[in-house]
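Peer 1: With the input below, show me the fold.
(one chain, ligands or ions: 1)
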Amino acid sequence: MTDPTHEFEPAGLAAPSPAPEPVAQPGEFAPLLIGSLRVDPPVVLAPMAGVTNYPFRTLCREFGAGLYVSEMITARAYLYGNRLTRLLASSRPDESPRSVQIYGADPIDVHEMARQLVDEGVQHIDMNFGCPVPKVTRTGGGAAVPVKPRLLARIVRAAVHGAGDVPVTIKVRKGIDEGIETYLDAGRVAEDEGVRAIGLHARTAAELYSGAADWGAIARLVEHVSLPVLGNGDIWEAGDALRMMRSTGCAGVIVGRGCLGRPWLFRELAQAFRGESPDPPPNFGEIVAIIERHARLLTSFFDATFGIRQMRKWCTWYTIGFPGSAKARAELVRIDSIDEMLAILRRLDPALPFPAAAMRAHRGKGGRKQKVTLPHGYLDQRDDDTPPRTPHGPAELAAFERSLSGG
Ligand SMILES: Cc1cc2nc3c(=O)[nH]c(=O)nc-3n(C[C@H](O)[C@H](O)[C@H](O)COP(=O)(O)O)c2cc1C
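Peer 2: Below you'll find the model as predicted:
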C-alpha cells in the first residue's frame, strides 16, 4: 500500500487533444468476454495502488459501465489477515462484478488467495506481473517474473486452479527494457494455462510511465494469441479508446491515469461506445459536488482520518489546470476535514469550465525512467521456475507493502 499523501505530481500538462475520433458505429465493437463475464462496453478500470479502492470504483461505476478492478493486493499480506489489506480487497454488496487483482509470486499463496477470494464471492481475478518497483524486481518479482516463462506458468497455473470457474486474467508490461521483451512469451503462457484475457501495459519496466505507450506492441500481441487482449496505456479521452481498438484490434481497453480526478471519463467512454458524442466535462461547481461525494465515500469506507488524508491527493488531481487552483492546492494538501476541503474549493468560481489543457495532464505518475535491477545472474536461468523469496512476518511484509506502487 502506498503512502496516500505521496504522489503529488505537478500538473504535467501534456499534448493537445488529437483530432476527434468518430464515435462507434452500430455493432462495431463487441462486448468483451472474459470467460463467463460479459463486459459492455469493453472498458476496464486499471488496477491502481492507493486509487482503485471500493469508494473510487463506486464513483466510476456511477458514471459508466465496464469492469472495475481493485488495486493490487499482496497475497501474503492478505493471507496473514492484515487488516488494511483485507479492507482494500473488500467490497460491498452493491458491487457486481467484483474484481480483485492479486500480487504474488509464490504459487502456494496465490492458489490459496484465489480460492479464498472465490469463496468470498469475487467474480474476476487479475494477476499483476508488471510491477516495476526496484525492491520487487531486484528479488525476481513483479515485472521480472515473465522473464522466466516457466515460473510465470507455475504461478498462473496456481491462480487458475485456485479460482476454479472464476475467470483469471493477467496484466503484464512489454518487458524489462528494450533489450528484454517478455510480452509475447507471456501471451503464450497465458493461453496455455487457461487465462481468459491478457492486459498489456505497452511500456517496459524501464520506461515506468514515461513517453508514449507503444500501441504497436498491443497489435503484435493481438496477432500472436487467440485470447482477448486488453490494451493499456495513454487513454486520456474516449476517442483514444476507440482509436486504440481500431488501430490494434484489441478486444478491450484498460484505463489508468486518464480517470484520476476525472471519473466522468467512464460516462464519456460509455457514450462513445454507444455511438453518441460524449457530454462535455463538468464545470468546476459540478466537480466540487463529485469531490464531495468521493470524500464521503472514502471517509465512510475507511475512517474520517484515513479518508480525508486520501482526499488530499485526489483534490490535487481534480483541480489540476483550473485557473487560480495552485494556491488552493497548497492548502488542499493539508486538509483535515470535508468542511475544510469544501470551504477551500468554494473560493474558486463554480462556473469555470474544465480546462482543455487538463484533459491529457499526467496525474499520479510522472515521466522519469529507471534502470531495472534484476537478481544477479537472473538472465542466465530463464528456464528456471523457482519462485522468488516472498517477505515473511508482519514487519517485513509491512515494509514491502509500503514500497509497492503499482504495475
Ligand atoms: C497510481 C498508480 C498505481 C498503480 N498501481 C497498479 C497496480 O496496483 N497494479 C497494476 O497492475 N498496475 C498498476 N498501475 C499501472 C496501471 O494499471 C496502468 O497499467 C498504467 O497506469 C498505464 O495506463 P495509463 O497510461 O492509462 O495510465 C498503477 C498506475 C498508477 C498511476
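
Peer 1: quick one: pLDDT of Gly367?
Peer 2: Per-residue confidence for Gly367 comes out at a pLDDT of 81.

Peer 1: number of nearby residues for it?
Peer 2: If you count neighbours by other Cβ atoms under 10 Å, Gly367 ends up with 13. Just so you know, the C-beta spots here come from the backbone N, C-alpha and C atoms, and that holds for glycine as well.

Peer 1: Could you check how far the closest residue in space to it that isn't next to it in sequence is from the ligand?
Peer 2: In space, Gly367 comes closest to Ser210 once its chain neighbours are excluded; the distance is 4.4 Å by Cβ to Cβ, 6 or more residues apart in numbering. Between Ser210 and the ligand the computed distance is 10 Å (Cβ to the nearest ligand atom, to the nearest Å).

Peer 1: and what of Cys315?
Peer 2: Taking Cβ to the nearest ligand atom, one finds Cys315 at 16 Å from the ligand.

Peer 1: List, one by one, the residues from the stretch 201-350 of the chain near the ligand.
Peer 2: 201, 209, 213, 232-235, 255-258 (Cβ under 6 Å from any ligand atom).

Peer 1: hmm, 8 Å instead?
Peer 2: Residues of the stretch 201-350 of the chain lying close to the ligand by Cβ under 8 Å from any ligand atom are 201, 203, 209, 213, 232-236, 254-258, 260.

Peer 1: which helices and strands does the helix or strand harbouring Leu117 pack with?
Peer 2: Assigned by DSSP states H and E, Leu117 falls within helix 107-120. Under the contact criterion of 3 or more Cβ pairs under 8 Å, 6 or more residues apart in numbering; DSSP states H and E, the helices and strands touching helix 107-120 comprise helix 75-80, strand 99-103, strand 124-129, helix 149-163.

Peer 1: To the ligand, which of the ones you listed lies closest?
Peer 2: When the helices and strands packed on helix 107-120 are ranked by proximity to the ligand, the top entry is strand 124-129, at 4.1 Å, counting by Cβ to the nearest ligand atom.

Peer 1: Following element in sequence after that closest one, please.
Peer 2: Proceeding C-terminally, strand 124-129 gives way to helix 134-137 as the next helix or strand, assigned by DSSP H and E.

Peer 1: circling back: any idea how far the helix holding Leu117 is from the middle of the chain?
Peer 2: Distance of helix 107-120 from its chain centroid, counting by Cα atoms, centre = their mean, to the nearest Å, is 21 Å.

Peer 1: Measure how it sits relative to strand 99-103, angle-wise.
Peer 2: In terms of direction (axes from the mean of the first three to the mean of the last three Cα atoms, to 10 degrees), helix 107-120 departs from strand 99-103 by 170 degrees.

Peer 1: Check what contacts helix 107-120 and list those residues.
Peer 2: Contacts made with helix 107-120 from outside it, assessed by Cβ atoms under 8 Å, 6 or more residues apart in numbering, are listed as 73, 75-76, 78-79, 89, 100, 102, 104, 125, 127, 154-155, 157-164, 166, 168, 387, 390.

Peer 1: Just the buried ones among the residues you listed, please.
Peer 2: Among these, those classed as buried by 16 or more other Cβ atoms under 10 Å are 73, 75-76, 78-79, 89, 100, 102, 104, 125, 127, 154-155, 157-163, 166, 168, 387, 390.

Peer 1: Could you chop the chain up by domain?
Peer 2: As recorded under automatic domain parsing, the domains making up the chain are 32-276+366-403, 284-358.

Peer 1: Deepest-packed of those, please.
Peer 2: Compared across the domains of the chain, domain 32-276+366-403 shows the largest average neighbour count, a mean of 21 (mean count of other Cβ atoms under 10 Å).

Peer 1: gap between that domain and the chain center?
Peer 2: The chain centroid and the centroid of domain 32-276+366-403 are separated by 7 Å under Cα atoms, centre = their mean.

Peer 1: Over to stretch 323-334?
Peer 2: Taking Cα atoms, centre = their mean, one finds stretch 323-334 lying 26 Å from the centre of the chain it belongs to.

Peer 1: Need phi/psi at the residue in the stretch 51-200 of the chain that the ligand sits nearest to.
Peer 2: In the stretch 51-200 of the chain, the residue that lies nearest the ligand is Met72 (3.3 Å; Cβ to the nearest ligand atom). The phi and psi torsions at Met72 (degrees, to the nearest 10) take the values phi -60, psi 130.

Peer 1: isn't it right up against Ala49?
Peer 2: Yes - assessed by Cβ atoms under 8 Å, Met72 is found in contact with Ala49 at 5.6 Å.

Peer 1: quick one: average pLDDT of stretch 80-99?
Peer 2: 96.

Peer 1: ok so, going back, could you measure from the residue nearest to Gly367 over to Pro149?
Peer 2: Look at Ser210 and Pro149: by Cβ to Cβ, to the nearest Å, they are 27 Å apart.

Peer 1: I'd guess Gly231 is in a helix, am I close?
Peer 2: No - according to DSSP: H, G, I helix; E, B strand; the rest coil, the state of Gly231 is strand, so it is not within a helix.

Peer 1: With Arg389 as the reference, measure out to it.
Peer 2: 33 Å.

Peer 1: how about low-confidence regions in this structure?
Peer 2: Under the criterion of pLDDT under 70, the regions of the chain flagged as low confidence span 1-14, 397, 400-407.

Peer 1: again, only using 50
Peer 2: Under the criterion of pLDDT under 50, the regions of the chain flagged as low confidence span 1-11.

Peer 1: where exactly do the strands run in it?
Peer 2: Counting by DSSP state E, the segments of the chain that form strands are 32-34, 37-39, 43-45, 67-74, 99-103, 124-129, 168-173, 175-177, 180-181, 197-201, 229-232, 252-255.

Peer 1: Now render these as a markdown table, adding distance to Cys315.
Peer 2: Conversion of these to a markdown table gives the following (distance: least, Cβ to Cβ, whole Å):
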| stretch | distance to Cys315 |
| --- | --- |
| strand 32-34 | 33 |
| strand 37-39 | 31 |
| strand 43-45 | 20 |
| strand 67-74 | 20 |
| strand 99-103 | 26 |
| strand 124-129 | 28 |
| strand 168-173 | 28 |
| strand 175-177 | 35 |
| strand 180-181 | 39 |
| strand 197-201 | 27 |
| strand 229-232 | 26 |
| strand 252-255 | 21 |
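
Peer 1: Quick one: residues contacting the residue of the stretch 201-350 of the chain found nearest the ligand.
Peer 2: The ligand sits closest to Gly256 of the stretch 201-350 of the chain, with a gap of 2.6 Å, by Cβ to the nearest ligand atom. With contacts defined as Cβ under 8 Å, 6+ apart, Gly256 is in contact with 46, 48, 201, 232-233, 235, 364.
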